[in-house]
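K.L.:
Got a predicted model here, sequence first, then my questions.
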Amino acid sequence: MRVILSAAVTADGYLDDNTPQRLMISTAADWEAVQRLRASCDAILVGAETLRRDNPALRLRNDGMRRQRMAEGYPADLTKVVLTRSGRLDPAMRFFTEGVSEKIVFAQRELPDIQPYATVISSNGEEHTAAFIITELEKRGIGRLLVEGGAEILRMFLRENQADELRLAVNPHLLLGTGRGGARFQFEPPATASCDKEQLDGMEVVHYTLHPDRTENDMKHLQEAIDESRRCTPCRTSYRVGAVIETDDGQLFKGYTHECSATHHAEQEAILKALEAGASLRGAAIYTSMEPCSKRASEPESCTQLILRHGFARVVFALYEPDCFVCCRGALTLREAGLDVRCYPKMGGQVRAINAHLWQ
Ligand SMILES: NC(=O)c1ccc[n+]([C@@H]2O[C@H](COP(=O)([O-])OP(=O)(O)OC[C@H]3O[C@@H](n4cnc5c(N)ncnc54)[C@H](OP(=O)(O)O)[C@@H]3O)[C@@H](O)[C@H]2O)c1
């Protein structure tokens with residue numbers, strides 16, 4: 001998934017003032033650009049406080065953009081997502097009443113008043129992390145997520161290093177000062193970030209890239225991993241999976257399920273070949289047609305544990321492991337450990353077809 005943060009701030013870094021009315025920070029041209037950014041995403045996410053203060057509908061207002069999305073096979077509106085610990089949400093909020101897109105609430109407990117209007121994902125008292133939210137949304141086919149605030153939510157994605165881009169629009173003519181300011185968002189870009197600046201109808205817009213977009217290279221190696229998986233003979237007790245490792249110095253190693261041993265997974269086969277060749281796996285990327293497993297009965301370590309132990313930096317896959325044999329937590333565990341984990345759900349159809357022997 002690609003995660004894009006977006007915010008408009010005053011010259012002194014406020015997202016809002018402390019009055020009950022919503023403060024308009026963006027100019028018309030900036031707002032239009034934000035609408036275009038929304039139109040390029042699959043889902044839009046905010047914190048509950050933003051819903052309580054502003055009551056936004058979070059829909060695309062531009063008919064041309066809506067038509068364009070539908071012509072390209074996407075729903076006119078984005079999936080809407082809100083996070084709450086307290087559950088203080090009103091089903092009469094425009095978030096719930098406007099638009100036909102799916103609404104998802106990440107909450108810490110069941111919310112019977114909200115459940116008729118939205119999908120509630122409860123954590124049973126646990127704190128939701130950005131890694132968990134991304135994983136759950138990816139499993140639902142979300143490929144681009146727009147996080148529109150407020151301050152607490154933006155900070156959460158940045159703190160966990162789960163944001164790929166930030167669009168920060170500053171209105172240099174608007175200064176509130178401590179007496180009038182509401183939620184505040186100030187951003188210190190890491191040294192590794194790159195940025196582009198533009199002037200837009202009086203706004204200063206900075207586009208930060210926190211993690212470069214590697215989609216092209218990812219999809220190329222993922223396709224090789226998927227092709228590799230076709231070499232595995234179908235059997236009733238395991239998935240046909242293929243894996244490709246790309247080391248830091250550009251060496252490639254491939255493997256597929258059961259290639260050399262009846263208990264080996266594809267990732268394991270590729271890792272063994274890399275180790276035999278004396279390659280260093282620290283900082284390497286592994287492309288695997290299916291989410292790395294997180295539990296093994298027939299081997300001492302799961303593929304997730306192997307990937308962690310060898311110091312891989314990136315994991316790229318096409319299909320989350322279906323709940324056929326076990327409930328897999330590979331992607332979530334790797335994300336929470338700080339690895340760059342990417343899923344390309346659009347390539348998952350091929351993996352499903354290659355494993356059709358298991359669903360028939
Ligand atoms: N200018 C802009 O671009 C822009 C954009 C968006 C918002 N805003 C402004 O930002 C302000 C709100 O910002 P804010 O920082 O006060 O609040 P916020 O980020 O919108 O929402 C914070 C709330 O999100 C929920 N939450 C946070 N972390 C969570 C987690 N890990 N798991 C589950 N729920 C979690 C909690 O809801 P509960 O309290 O329900 O537990 C928390 O109070 C508003 O004034 C709004 O106008 C401005």
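P.N.:
Arrived safely, thanks for sending. Since the structure is predicted, the reported quantities are computational estimates derived from the model, not experimental observations. Numbering: from 1, shown residues only.
K.L.:
ok, and for stretch 54-74, which residues are buried?
P.N.:
Buried residues in stretch 54-74, defined by neighbour count with 16 or more other Cβ atoms under 10 Å: 54, 56-60, 65-66, 69. From N, CA and C alone the C-beta is placed, and that goes for glycine too.
K.L.:
if we look at the ligand, which of the residues you listed are close to it?
P.N.:
Asp54 (Cβ under 6 Å from any ligand atom).
K.L.:
Out of the buried residues of stretch 54-74, the closest to the ligand would be?
P.N.:
The ligand lies nearest to Asp54 out of the buried residues of stretch 54-74, by Cβ to the nearest ligand atom, at 4.6 Å.
K.L.:
pretty sure the closest one contacts Arg22?
P.N.:
Yes: the pair Asp54 / Arg22 is scored as a contact, 4.8 Å apart, by Cβ atoms under 8 Å.
K.L.:
Now the common contact residues for these two.
P.N.:
Shared contacts of Asp54 and Arg22 (Cβ atoms under 8 Å, 6 or more residues apart in numbering): Asp16.
K.L.:
near the ligand, which residues of the stretch 1-150 of the chain show up?
P.N.:
7-8, 15-16, 22, 25, 46-50, 53-54, 83-86, 88, 106, 127-128, 148-150.
K.L.:
Please flag which of those residues sit within strands.
P.N.:
The members of these that map onto strands under DSSP state E are 7-8, 46-47, 83, 106.
K.L.:
Could I have the buried ones of the residues of the stretch 1-150 of the chain next to the ligand as PyMOL selection syntax?
P.N.:
Applying 16+ other Cβ under 10 Å to these, the buried members can be selected in PyMOL as follows:
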select buried, resi 7+8+15+16+25+46+47+48+49+50+53+54+83+84+106+128+148+149+150
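K.L.:
For the residue of the stretch 101-250 of the chain found nearest the ligand, list the residues it contacts.
P.N.:
Nearest residue of the stretch 101-250 of the chain to the ligand (Cβ to the nearest ligand atom) works out as Gly150 at 2.0 Å. Going by Cβ under 8 Å, 6+ apart, Gly150 touches 15-16, 46-47, 49-50, 183, 185.
K.L.:
Go through those residues and flag which are in helices.
P.N.:
Among those, the members found in helices (DSSP state H) are 49-50.
K.L.:
out of the contacts of Gly150, which one sits closest to the ligand?
P.N.:
Once Cβ to the nearest ligand atom is applied, the member of the contacts of Gly150 that ends up nearest the ligand is Gly47, at 2.1 Å.
K.L.:
unless I'm mixing things up, the closest one is touching Val81, no?
P.N.:
No: Gly47 sits out of contact with Val81 when judged by Cβ under 8 Å, with a separation of 10.2 Å.
K.L.:
just for the protein, where's the confidence low?
P.N.:
324-326 (pLDDT under 70).
K.L.:
which residues in the stretch 201-350 of the chain form strands?
P.N.:
203-209, 242-246, 252-256, 285-290, 314-319, 340-343 (DSSP state E, counting those that start in this stretch).
K.L.:
Check what contacts the longest one and list those residues.
P.N.:
The list of residues contacting strand 203-209 from outside it, by Cβ under 8 Å, 6+ apart, reads 8, 26-27, 29-30, 33, 164-172, 187, 189, 193-199.
K.L.:
One more: stretch 99-107?
P.N.:
So stretch 99-107 is contacted by 43, 57-59, 75-85, 87, 89, 95-96, 111, 114, 117-123, 128, 133, 136-137, 140 (Cβ under 8 Å, 6+ apart).
K.L.:
Which members of these are positioned in strands?
P.N.:
43, 79-83, 119-122.
K.L.:
Which of the residues you listed are buried, as a PyMOL select command?
P.N.:
To isolate the buried ones among those in PyMOL, judged by 16+ other Cβ under 10 Å, type:
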select buried, resi 43+79+80+81+82+83+120+121+122
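K.L.:
quick check, nearest of the ones in strands among the contacts of stretch 99-107 to Phe253?
P.N.:
Phe253 lies nearest to Ala43 out of those, by Cβ to Cβ, at 35.1 Å.
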